[in-house]
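Asks: Give me a 3D structure for the following:
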Amino acid sequence: MTKFMLKCFGLVALLLFGVLLGIQKTHVEMNELKGTADNGFVESITQPDAKSQKQIKPQYSSHDLKTKQETLAKVDSFNVFSALGKKLTACISSFFSVMISVLGTVIQGMLSVFSP
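Replies: So this is what the prediction gives:
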């Protein structure tokens, strides 16, 4: 019995260590994707000078974003998988609501039999 418990404890500890290691690796990779990864250098806290401020240009203006948003609103593409997913979700939802109501009725009937 003791050997079994030690084996189980060892397996659980190993799995827990693997989960924690996976969480840490995911955290590091998500930071790299966001661009907030620590690359080992310290950024300057001082204000950038006027020369470097002139070089920094915004990638998109608000006008560009508005036109893109209007074009996306105009494009009304039909997605087959989205439509199938919506119909399947509606069917499953209605099925489970009917099953819950039937189960509630059956339980209510069973409890009414036992009550005086």
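Asks: Checking the residue nearest to the spatial centre of the chain next. Helix, strand or coil?
Replies: Nearest to the geometric centre of the chain sits M30, at 12.8 Å (CA atoms, centre = their mean). Using DSSP: H, G, I helix; E, B strand; the rest coil, the structure places M30 in helix.
Asks: just how off-centre is the helix ranked longest in the chain within its chain?
Replies: For the chain, the longest helix by residue count, based on DSSP state H, is helix 80-114. On the basis of CA atoms, centre = their mean, to the nearest Å, helix 80-114 sits 27 Å off its chain's mean C-alpha point.
Asks: Give me the buried positions along that helix.
Replies: Residues of helix 80-114 classed as buried: none (neighbour count, 16 or more other CB atoms under 10 Å). To be clear about C-beta, it is placed using only N, CA and C from the backbone, and glycine gets the same treatment.
Asks: residues touching the residue nearest to the centre of the chain, list them.
Replies: With contact set as CB atoms under 8 Å, 6 or more residues apart in numbering, M30 has no partners.
Asks: where's it relative to G18, distance?
Replies: 18 Å (CB to CB, to the nearest Å).
Asks: Around T36, how many other residues sit close by?
Replies: 8 (other CB atoms under 10 Å).
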